[in-house]
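>>> what follows is a predicted structure for the sequence shown.
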Amino acid sequence: MNLGYFSYPMPANEPVLSYAPGSPEKKRLKEVLAELKNTQADIPMYIGAEEVRSGKKVALRPPHETAHTLGHFHAGDASHVTKAIDAALAARESWSNLSWENRANIFLKAADLIATKYRPYMNGTTMLGQSKNAYQAEIDSACELIDFLRFNVHFLSEIYRQQPISAPGIHNRLEFRPLEGFVLAVTPFNFTAIGGNLPTSAAMCGNVVVWKPANTQVYAAQMFMRILKEAGLPDGVINLIYVDGPTIGSVCFSHRDFAGVHFTGSTGVFNNMWETIGKNMHNYKSYPRIVGETGGKDFVLAHKSADPKVLATALLRGAFEYQGQKCSAASRAYIPSNIAEEVKKLLVDGINSFKMGTVEDFTNFINAVIDEKSFDKIKSYIDNAKNDANASVLVGGNCDKTKGYYIQPTVIEAKDPNYVTMCEEIFGPVLTIHVYDAEQFEKALELVDNTSPYALTGSIIAQDRYAVELATNKLRNAAGNFYINDKPTGAVVGQQPFGGARASGTNDKAGSILNLYRWLSARTIKETFNPPVDYGYPFMLEA
Ligand SMILES: NC(=O)c1ccc[n+]([C@@H]2O[C@H](COP(=O)([O-])OP(=O)(O)OC[C@H]3O[C@@H](n4cnc5c(N)ncnc54)[C@H](O)[C@@H]3O)[C@@H](O)[C@H]2O)c1
Ligand SMILES: N[C@@H](CCC=O)C(=O)O
């Protein structure tokens, strides 16, 4: 029964806590980190009402301290994927019929639980499981996740209000139905907030979901799942399983009720999904929604009018925060010759001042990269640069995996603007710079636009307003998130809707109203109050 239209006004962004020395939030976070480290977690899959323990245990270790074990999760197989789909479909009718305010308030309650008693647990599991320092965890697993939940509730309310006009004698209305089937959410390791957003944005719209996080993000993902349960999410609406990607794909993408995939991760995996879905089209009841935010090779282009300190700071933060493991991280920079020497010195000094180590020591700016595979891949790019005549390592370059996956933040200088590290996504703390002739700005713009297949984020650093305008226009399709005099990272929900085009994804802008439309299928209803009773037209009364 609907007895009123209940409003959900635009929320404010969740304030970022500072964790400054002596602050209560720092004290509490330290206590929780110690508690988590002293506990051996036994993490089940969540399928329907069940906590499923397969017995196939996978150990969870902090990337910065691989000798320590945080516990383990129970990995699943194809049978668990089927079970999760069945549980989702069984929950579908009741969930999709639940009133909007009762759906919405579950997610708002979850946001409040994260903002209060579970904040140190969301941050603590993210810090230990994904090797994020306290600030990087706070902006991700607390603030961004809370914002996703609150803003999406507001955006969906706005969608439900959008109704067609009605001519005299009729009433038209739009129902924003959930999709007919289940949605698969496949999420990456690097952002706990993305892990939380992909299943909940679809679920909020009345869909039922099978959620598969990256193995290296399970520690924080299960924490969020437990919070959703405590907030009142009914069984089966979101089913959290830990099954390898190809197995998930083979079961979900051949299922008749597969209604859509909400993916964030690498371009190669998404391309593979798209191809598989295309090949299986004949299986499905409806055309599935395919939403994917993928890789990046994000640029910073400086003009000769750039302030060297603004540029160096944008690079130090934009390239190295969270060890460069942000899809938005600055990984190629084009520096004009007039300020190149000064900027290089600022970069070298900045990097030499970085402290690297565990997340428990709050003085560390840099922690470890996510896993051994990633460590080996990043190291091979650095080793190749050390031995290539077209490149030189300006600073950094040391890699050590004896205690954790530590890669020293590294700047490579490429003489060749098409050198491999200027083009390929590395996803680690490696920035490649290319110095261009300061009088050849237009040529540099072309290089930026054409060097990489991606188009996710990018920045122009300039004081000259003509240069800013030229870059904004020429690079219109080179980035879905374009920054002026700022680093290319750190988009805030509600402020900078996030996503890129070209090989960076479908650009459905996570955390914005645009994304929610993808999880809805509108039905138009026309009601006629005084229906005609004669088929003829008035003009037919006379020849
Ligand atoms: N554009 C964005 O908004 C955005 C945000 C975060 C990360 N990313 C991208 O994500 C990547 C880093 O994250 P990652 O290492 O977790 O990415 P990934 O592609 O390796 O994994 C992402 C998810 O896909 C799963 N997966 C892997 N192979 C699969 C397969 N064959 N079938 C189905 N699922 C499969 C993984 O287990 C994980 O859950 C980078 O490329 C980064 O740019 C993009
Ligand atoms: N939205 C984040 C990046 C997400 C990808 O990893 C940012 O803007 O830095």
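Arrived safely, thanks for sending. Numbering: from 1, shown residues only. Ligands and ions are numbered 1, 2, ... in the order given.
>>> which stretches in the stretch 251-400 of the chain count as helices?
Using DSSP state H, counting those that start in this stretch, the helices of the stretch 251-400 of the chain run over 267-279, 308-320, 340-353, 372-386.
>>> pick the most buried one from the ones you listed.
Comparing these by mean neighbour count (mean count of other Cβ atoms under 10 Å), helix 308-320 ranks first with a mean of 22. Any C-beta I mention is one placed from the backbone N, CA and C, and that applies to glycine too.
>>> which bits of the chain sit near ligand 2?
Contact residues (Cβ under 6 Å from any ligand atom) of the chain with ligand 2: 190-191, 326-328, 489-491, 498.
>>> ok, which of those also contact ligand 1?
Subset of the residues of the chain next to ligand 2 in contact with ligand 1: 190-191, 327, counting by Cβ under 6 Å from any ligand atom.
>>> angles on the backbone of the nearest residue to Ala115 once chain neighbours are set aside, please.
Closest residue in space to Ala115, ignoring its immediate chain neighbours: Ile146 at 5.4 Å, by Cβ to Cβ, 6 or more residues apart in numbering. The phi/psi pair for Ile146 (degrees, to the nearest 10) reads phi -60, psi -40.
>>> longest helix anywhere in this structure?
helix 78-97 (DSSP state H).
>>> what lies in contact with the helix or strand just after it?
Note on helix 78-97: by DSSP states H and E, the next helix or strand toward the C-terminus is helix 100-115. With contact meaning Cβ atoms under 8 Å, 6 or more residues apart in numbering, helix 100-115 is reached by 6, 8, 14, 95, 122, 141-142, 145-146, 149-150, 152-153, 156-157, 160, 200, 204, 206, 224, 227-228, 230-233.
>>> before we move on, what about stretch 521-534?
Residues contacting stretch 521-534 (Cβ under 8 Å, 6+ apart): 164, 169-180, 286.
>>> filter those down to the buried ones.
Taking 16 or more other Cβ atoms under 10 Å as the criterion, what is buried in these is 176, 178-179.
>>> tell me the centre residue of this structure?
The centroid of the chain falls nearest to Ile194 when counting by Cα atoms, centre = their mean (3.9 Å).
>>> got the residues of this protein near ligand 1?
Contacts of the chain with ligand 1, taken as Cβ under 6 Å from any ligand atom, map to 186-191, 194, 212-214, 245-246, 248-249, 264-266, 269, 272, 293-296, 327, 425, 427, 456, 499, 504-505.
>>> tell me which of those residues fall in strands.
Of the residues of the chain next to ligand 1, the ones assigned to strands by DSSP state E are 186, 212, 264, 293.
>>> now do the contacts for the last one.
Okay, so that is Glu293. 263-264, 327, 498-500, 504-508, 510.
>>> coming back round to it: just checking, the residue nearest to Ala115 touches Ala12?
No - Ile146 lies out of contact with Ala12 (Cβ atoms under 8 Å); the separation is 10.7 Å.
>>> hang on, the earlier thing: packing partners for the longest helix of the chain?
When contacts are defined as 3 or more Cβ pairs under 8 Å, 6 or more residues apart in numbering; DSSP states H and E, helix 78-97 packs onto strand 45-47, strand 170-178, strand 182-186, strand 208-212, strand 238-240, helix 245-252.
>>> could you dump these to JSON lines with mean pLDDT?
Shown next, in JSON lines, are these (pLDDT from 0 to 100):
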{"stretch": "strand 45-47", "mean pLDDT": "99"}
{"stretch": "strand 170-178", "mean pLDDT": "98"}
{"stretch": "strand 182-186", "mean pLDDT": "99"}
{"stretch": "strand 208-212", "mean pLDDT": "99"}
{"stretch": "strand 238-240", "mean pLDDT": "99"}
{"stretch": "helix 245-252", "mean pLDDT": "98"}
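>>> for these, which one sits closest to Pro538?
strand 170-178 (18.6 Å; Cβ to Cβ).
>>> list the contacts of that closest one.
In contact with strand 170-178 (Cβ under 8 Å, 6+ apart) are residues 92, 96, 159-160, 162-166, 205-208, 519-529.
>>> and these, which are buried?
By neighbour count, with 16+ other Cβ under 10 Å, the contacts of strand 170-178 hold 92, 96, 160, 205-208, 519-521 as buried.
>>> which one of those residues sits closest to ligand 1?
Among these, Trp519 lies closest to ligand 1 (Cβ to the nearest ligand atom), at 16.8 Å.
>>> what pLDDT does that closest one get?
Trp519 is assigned a predicted lDDT (pLDDT) of 98.
>>> and what of Leu3?
pLDDT, Leu3: 88.
>>> for Phe539, same thing?
89.
>>> same question, the one 4 residues further on
Reported pLDDT at Ala543 in the predicted model: 88.
>>> quick one: it and ligand 1, what's the gap?
To ligand 1, Ala543 is 67 Å away according to Cβ to the nearest ligand atom, to the nearest Å.
>>> how many other residues sit next to that residue?
Other residues lying near Ala543 total 4 when counted by other Cβ atoms under 10 Å.
>>> with Leu445 instead?
Leu445, neighbours per other Cβ under 10 Å, totals 21.
>>> so it belongs to a strand, correct?
No - with DSSP: H, G, I helix; E, B strand; the rest coil as the criterion, Leu445 is helix rather than part of a strand.
>>> tell me who's in contact with Val243.
Val243 neighbours (Cβ under 8 Å, 6+ apart): 75-78, 80-81, 212.
>>> follow-up on the earlier one: show me which of the residues of the chain next to ligand 2 is closest to ligand 1.
Distances from ligand 1 to those, taken by Cβ to the nearest ligand atom, are shortest for Cys327, at 3.2 Å.
>>> that closest one against Leu456, yeah?
Yes - using Cβ under 8 Å, Cys327 is in contact with Leu456, at 5.9 Å.
>>> between those two, which contacts overlap?
295-296, 298, 504.
>>> need these in CSV (columns: pLDDT and neighbour count).
Formatted as CSV, the shared contacts of Cys327 and Leu456 follow (pLDDT from 0 to 100; neighbours: other Cβ atoms under 10 Å):
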residue, pLDDT, neighbour count
Gly295, 98, 23
Gly296, 98, 30
Asp298, 98, 32
Ser504, 98, 29
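>>> if we can go back for a sec, just the contacts of strand 170-178: which are in helices?
In helices, defined here by DSSP H, the members of the contacts of strand 170-178 are 92, 96, 159-160.
>>> pLDDT added to those residues, as TSV?
Shown next, in TSV, are these (pLDDT from 0 to 100):
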residue	pLDDT
Arg92	98
Ser96	98
Ile159	98
Tyr160	97
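>>> for the stretch 51-200 of the chain, give the residue positioned nearest to ligand 1.
Pro188 (3.3 Å).
>>> which residues touch that residue?
Counting by Cβ under 8 Å, 6+ apart, Pro188 touches 194-195, 214, 217, 264-265.
>>> pLDDT score assigned to the spatially closest residue to Phe6 that is not a sequence neighbour?
Leaving aside its chain neighbours, Phe6 sits nearest to Glu101 (4.7 Å; criterion: Cβ to Cβ, 6+ apart). Glu101 is assigned a pLDDT of 97 by the prediction.
>>> how many residues are close by Glu101?
With other Cβ under 10 Å as criterion, Glu101 counts 16.
>>> and stretch 494-504, how far apart are its ends?
With Cα to Cα, to the nearest Å as the measure, stretch 494-504 spans 21 Å from end to end.
>>> pull out the buried positions in it.
Counting neighbours by 16+ other Cβ under 10 Å, one finds that the buried residues in stretch 494-504 are 494, 496-500, 502-504.
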